[in-house]
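# generate coordinates for the sequence data below:
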Amino acid sequence: IAQRDDISSAMLRQLLLQATQEVRDKLLASVMPDQQAAMRQVFDEISIQVTQAPSPARDYAQAQRVVARFSQDTEQTRQKIMEFADNGRIAEMIAALSVLGGVPLDQVDCLFESSNAFGRMVLCKSIGLDWNTAIAVITAELELAGSQDALCEQFEELTPQSAQKLIHFWLGRQRIFRRISASPRL
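Numbering: from 1, shown residues only. As a prediction, the model looks like this:
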């Protein structure tokens, strides 16, 4: 994957963030010696992100009650997502995204704990949000490191079907990770 020209650096960084140490070691061994220093730097940055103290947990009980009032109306839910993003009502926005995407609330919350916009973008595309709503969601509590134009281009190139496949893959991976984490160690 690291040697593919069609994988953006943001996408590669997101994949590496979720990769196991074994996968990272194989990747490091597969790159040219002159690229290994850059790859190690990316790994170090990822390690710092992972070990940083988590943000305080959001209280979603009230947000879920608010969203439940209109969650059966898909179009109204999409409109409310934009309203919530514009007004900084992050818990309600996350709850509405969870309902529309059929993604567990805690998993959507994980996307908002990440400093990477890619997961948010994929979720927005998978539920059919327009770019104006998507960028409001993506930038909620997140300072973009790069240009919105590049992100918009990625958003436009990503098909809803591909985004849905990525979401299903990610959810499946999260379920496996939880099972492994919950299993007793020998």
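# low pLDDT regions in the protein?
1-19, 31, 35, 39, 41-57, 145-146, 175, 177-186 (pLDDT under 70).
# can you give me the helices for it?
Counting by DSSP state H, one finds helices in the chain at the ranges 9-18, 21-30, 33-51, 61-68, 74-86, 90-101, 105-113, 118-126, 131-138, 148-157, 160-182.
# tabulate those helices (a markdown table), appending mean neighbour count.
Bear in mind the C-beta positions are built from the backbone N, C-alpha and C, glycine included. Output for the helices of the chain, formatted as a markdown table (neighbours: other CB atoms under 10 Å):
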| stretch | mean neighbour count |
| --- | --- |
| helix 9-18 | 16 |
| helix 21-30 | 12 |
| helix 33-51 | 12 |
| helix 61-68 | 15 |
| helix 74-86 | 17 |
| helix 90-101 | 24 |
| helix 105-113 | 18 |
| helix 118-126 | 24 |
| helix 131-138 | 20 |
| helix 148-157 | 14 |
| helix 160-182 | 13 |
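# do you know how far residue 110 is from residue 120?
11 Å (CB to CB, to the nearest Å).
# same deal with residue 74?
19 Å.
# again, but for residue 114
For residue 114, the distance to residue 120 equals 8 Å [CB to CB].
# now swap in residue 132 and tell me
Residue 132 is 14 Å from residue 120, by CB to CB.
# next, the contact list for residue 83, please.
If a contact means CB atoms under 8 Å, 6 or more residues apart in numbering, then residue 83 has residue 89 as its contacts.
# same thing with the one 3 residues further on?
Residues in contact with residue 86, defined by CB under 8 Å, 6+ apart, are residue 136.
# start at 212 instead
Fine by me, first position is 212 from now on; the one you just mentioned is residue 297.
# from residue 370, how far off is it?
According to CB to CB, residue 297 stands 27 Å off from residue 370.
# next one: residue 336
8 Å.
# what do you get for residue 308?
Residue 308 is 19 Å from residue 370, where distance means CB to CB.
# and the end-to-end length of stretch 274-293?
Taking CA to CA, to the nearest Å, the first and last residues of stretch 274-293 lie 15 Å apart.
# over to stretch 350-360?
Across stretch 350-360, the terminal residues are separated by 13 Å (CA to CA).
# now what about that stretch, what contacts it?
If you take CB under 8 Å, 6+ apart as the criterion, stretch 350-360 is touched by 221, 296, 299, 301, 304, 323, 326, 328, 331, 346, 349, 362.
# residues near the closest residue to the third one other than its chain neighbours, how many?
Counting by CB to CB, 6 or more residues apart in numbering, the nearest residue to residue 299 once its immediate chain neighbours are dropped is residue 351, at 7.4 Å. Residues near residue 351, counting by other CB atoms under 10 Å, number 18.
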